[in-house]
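*Asks:* Predicted coordinates and the sequence they were generated for:
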Amino acid sequence: MKIVFASSNEGKVKEIREMLEGIEIELFSLKNYKDVPEIVEDGKTFQENALKKAKIISGFTGEVVLADDSGLQVDELGGEPGIYSSRYAGEKATDDDNINLLLARLKNIPQSKRTASFCCALVLYRTDGSYDCFESKWQGLIIDERRGDNGFGYDPVFFVPELNKTAAQLPPEIKNRISHRGQAFAQLKKSLRERLKN
């Protein structure tokens, strides 16, 4: 089964290939295509954005498409950065720019009140217009000091109390099992296994 992942972010594609190991699918990224349409992520939720991406890319490639939208929601900031996670500090913002802005906004908030969750919405869109959606959350706290070199985005400041580590300090095999994306992909994997059996 061929699936196109609606992203050209190689870090994400690598992570997803590892998560879907053991299932007979060929995963392609948008790097395999030219003149990919620009998608404006103007949905109000992660699911709306993922569905829009999947639908447009499926129409463009004529293939089954997997799209995700994920981000960080900080309770004390009313759910910010939310759907704006990757562009929190502006359209051309780097991971560091986004983290710096987040930490500046949390400056006077005590550690105990910095609860946050990573959220992921995953949409598998078929060429007949039918689709499945899988959603998951991963709870943690935002800390001031960056720790760890694994991962990307807000991982270095997303602290997981039960493991006493940030997301960026976790080995990929653990992160891929317990993260918001890992949990959503576990649901997808189960669904794909059942479909491929039938």
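*Replies:* Noted; the coordinates are in hand.

*Asks:* what helix or strand is the closest residue to residue 58 other than its chain neighbours on?
*Replies:* Using C-beta to C-beta, 6 or more residues apart in numbering and skipping the chain neighbours, the partner closest in space to residue 58 is residue 65 (4.2 Å). Where you see a C-beta, it was placed from the backbone N, CA and C, and this is true even at glycine. Using DSSP states H and E, residue 65 sits within strand 64-74.

*Asks:* list the buried ones in stretch 154-165?
*Replies:* For stretch 154-165, a neighbour-count test (16 or more other C-beta atoms under 10 Å) marks 154, 155, 156, 157, 158, 159, 160, 165 as buried.

*Asks:* Now intersect those with the strands, please.
*Replies:* Residues from the buried residues of stretch 154-165 lying in strands, with DSSP state E as the criterion: 158, 159, 160, 165.

*Asks:* So the first one sits against residue 140, correct?
*Replies:* Yes - counting by C-beta atoms under 8 Å, residue 158 sits close enough to residue 140 to count as a contact (4.9 Å).

*Asks:* Find the residues that touch each one of these two.
*Replies:* Taking C-beta atoms under 8 Å, 6 or more residues apart in numbering as the contact rule, residue 158 and residue 140 both touch 116, 118, 167.

*Asks:* Of those, which is the most crowded?
*Replies:* Among these, the one with the most neighbours (other C-beta atoms under 10 Å) is residue 167, at 27 neighbours.

*Asks:* That residue reaches residue 147, doesn't it?
*Replies:* No - in this structure residue 167 lies outside contact range of residue 147 using C-beta under 8 Å: 9.5 Å.

*Asks:* Centre-most residue in this structure?
*Replies:* Residue closest to the mean C-alpha point of the chain, counted by C-alpha atoms, centre = their mean, is residue 70 at 3.7 Å.

*Asks:* And the pLDDT for that one?
*Replies:* According to the prediction, residue 70 has pLDDT 93.

*Asks:* Beta-bridge partners for it, please?
*Replies:* Beta-bridge pairing for residue 70 (DSSP bridges): residue 120.

*Asks:* ok, now the one 4 residues further on?
*Replies:* Beta-bridge pairing of residue 74, defined through DSSP bridges, involves residue 80, residue 116.

*Asks:* ok, now which ones touch it?
*Replies:* Residue 74 makes contact with 80, 81, 102, 106, 114, 115, 116, 142, according to C-beta under 8 Å, 6+ apart.

*Asks:* Quick one: buried ones out of those residues?
*Replies:* Buried among those (16+ other C-beta under 10 Å): 80, 81, 102, 106, 114, 116, 142.

*Asks:* Return the distance of stretch 82-102 from the chain's centre.
*Replies:* Once both centres are worked out by C-alpha atoms, centre = their mean, to the nearest Å, stretch 82-102 turns out to sit 14 Å from its chain's centre.

*Asks:* Now the helix or strand of the chain with the lowest mean pLDDT: buried residues?
*Replies:* Least confident helix or strand of the chain, by mean pLDDT, DSSP states H and E, is helix 10-19 with a mean of 80. By 16+ other C-beta under 10 Å, the buried positions in helix 10-19 come out as 12, 13, 15, 16, 19.
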